[in-house]
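Trainee: Fold the following, please.
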Amino acid sequence: MKRLIIYCCFILSVAASSAYAQQNSTSGYITINGTADNKYNGQTIIIYNNALNLTDSSKIANGKFSFKLPFKEPTRYFFYSKYEAKQKGGYAPYGILIAQPGTIGFNAQAADMAASTVTGAPDNAIYAGYSKAEAKADEQMEQELAKKYGKDFSKHFDPKDSLYKEVSAYYEKLAAPVRTAQMQKTFELIKQNQNSFAAIYLLQTKANELSADSLELFYNQLGSKYKKSNAAKYILNTISAARATAIGQEAPEFAQADTAGKLVKLSDFRGKYVLLDFWASWCGPCRQENPNVVKAFERFHDKGFTILGVSLDRATDKDKWLAAIHHDGLNWTQVSDLQFWKNAVAVQYGVNYIPQNFLIGPDGKIIAKGLQGEVLTKKLEELLSGK
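Mentor: Numbering: from 1, shown residues only. The predicted model follows:
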């Protein structure tokens with residue numbers, strides 16, 4: 001239920017790799033011919049793609065707007081209307097999957113971009129059809145939750161709410177068969193569209209929901225056409241990282257600079273239980289989880305437990321990173337290369353959403369991952385209660 005519950009900050013597009021763009025770009029341009037109701041003349045449409053470091057804008061004039069961009073690689077471009085953002089106090093971006101150079105028609109609904117339509121982008125049509133069915137399933141789950149807990153049921157997904165456990169359990173009961181059905185539909189779409197970029201992009205978005213073996217099985221069903229794309233690299237890195245960081249494996253060694261620029265190695269903490277904690281100052285769910293992590297540190301630190309924080313902040317926001325450490329009381333070692341989602345340790349560990357963590361034993365082997373709130377506390381009690 002992606003619209004309803006946001007547990008983490010998540011990235012769907014793989015970190016930009018200029019190598020693909022330089023070696024595999026198809027010469028040509030993407031032309032987007034947009035139309036909109038004349039009453040929105042003078043309003044601005046924004047296009048962006050974080051993986052390509054692209055942001056541009058176009059004003060609606062005489063019911064029309066346009067973009068012309070050099071084609072660099074198959075990817076998904078996102079759009080929003082400044083008018084809608086102002087009216088609603090925010091926006092949900094509208095995505096268009098573009099696999100090759102050419103001309104695309106975009107009928108934009110400036111007041112409700114989700115109702116927009118696109119022509120001339122066959123890969124987008126395939127992906128949009130799947131997404132529409134997925135959204136319908138999400139809506140049905142929301143309706144069931146609303147019947148049982150009222151229209152404001154979402155408030156119960158706050159861990160502090162008295163009905164949190166009950167509502168979460170009911171949601172999981174509803175979601176389990178939906179996830180199974182969606183995975184089956186994903187596999188069928190891939191088999192039927194093996195050489196479509198829509199198939200490989202869809203698999204990229206599902207990469208974190210599958211085991212390494214299942215993801216590899218799905219990936220092997222794909223044709224070769226887009227297997228040099230960044231989406232393919234993302235999938236392969238996810239498979240590799242999942243296997244390298246599986247429970248029972250020795251945690252991959254790394255070295256990264258702390259807040260003072262001193263190089264810190266993971267192996268420096270050998271002999272202790274270490275929570276390798278991925279977060280960022282800009283990540284709301286991370287900041288909400290930090291008090292739980294602080295409590296765990298304070299309770300178990302004297303029993304051989306410590307934390308090593310890895311921040312996905314940007315180089316331009318180092319001051320915000322340092323301020324967040326101080327404000328949240330994170331009194332343990334913090335490291336970062338300040339490369340945002342390209343953080344070398346995050347890439348190495350296959351971290352595509354935050355907060356995320358790995359619990360590492362004194363022998364350097366991974367014991368557990370994704371421990372938050374009470375789950376983290378209970379796991380540490382289990383391991384350290386006798387100390």
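Trainee: now residue 218: how far from residue 273?
Mentor: Residue 218 is 35 Å from residue 273, where distance means CB to CB, to the nearest Å. (C-beta placed from N, C-alpha, C; glycine too.)
Trainee: cool, residue 229 as well?
Mentor: 40 Å.
Trainee: for residue 34, same thing?
Mentor: The gap separating residue 34 from residue 273 is 55 Å, by CB to CB.
Trainee: repeat for residue 296
Mentor: Counting by CB to CB - residue 296 and residue 273 are separated by 11 Å.
Trainee: Are there residues contacting both of those two? Which ones?
Mentor: Counting by CB atoms under 8 Å, 6 or more residues apart in numbering, the shared contacts of residue 296 and residue 273 are 305, 380.
Trainee: Quick check: closest non-adjacent residue to residue 69.
Mentor: The shortest distance from residue 69 to any residue other than its chain neighbours is 4.8 Å, reached at residue 30 (CB to CB, 6 or more residues apart in numbering).
Trainee: Give me the buried positions along the helix or strand that contains the one you found.
Mentor: For residue 30, the host element (DSSP states H and E) is strand 29-35. The neighbour-count check on strand 29-35 (16 or more other CB atoms under 10 Å) flags 30, 31, 32, 33, 34, 35 as buried.
Trainee: do the same with stretch 241-251
Mentor: Result for stretch 241-251 [16+ other CB under 10 Å]: buried residues 241, 242, 244, 245, 251.
Trainee: Just the ones of those in helices?
Mentor: Counted as lying in helices by DSSP state H, out of the buried residues of stretch 241-251, are 241, 242, 244.
Trainee: Make sure the second one is actually in contact with residue 212.
Mentor: In this case it means residue 242. Yes - with contact defined as CB atoms under 8 Å, residue 242 counts as touching residue 212 (4.0 Å).
Trainee: Okay, helices next: where are they in the protein?
Mentor: Along the chain, counting by DSSP H, helices occupy 18-24, 82-88, 122-149, 164-192, 197-206, 212-220, 230-244, 284-300, 318-328, 344-348, 373-384.
Trainee: neighbouring contacts of the shortest one?
Mentor: Going back to what we said before, that points to helix 344-348. 15, 237, 241, 244, 252, 254, 256, 278, 310, 312, 335, 337, 351.
Trainee: of those residues, buried ones?
Mentor: With burial judged by 16+ other CB under 10 Å, the buried subset of these is 15, 237, 241, 244, 254, 256, 278, 310, 312, 335, 337, 351.
Trainee: In strands, which of these fall?
Mentor: 256, 278, 310, 335 (DSSP state E).
Trainee: tell me which of those residues is nearest to residue 201?
Mentor: Among these, residue 278 lies closest to residue 201 (CB to CB), at 24.3 Å.
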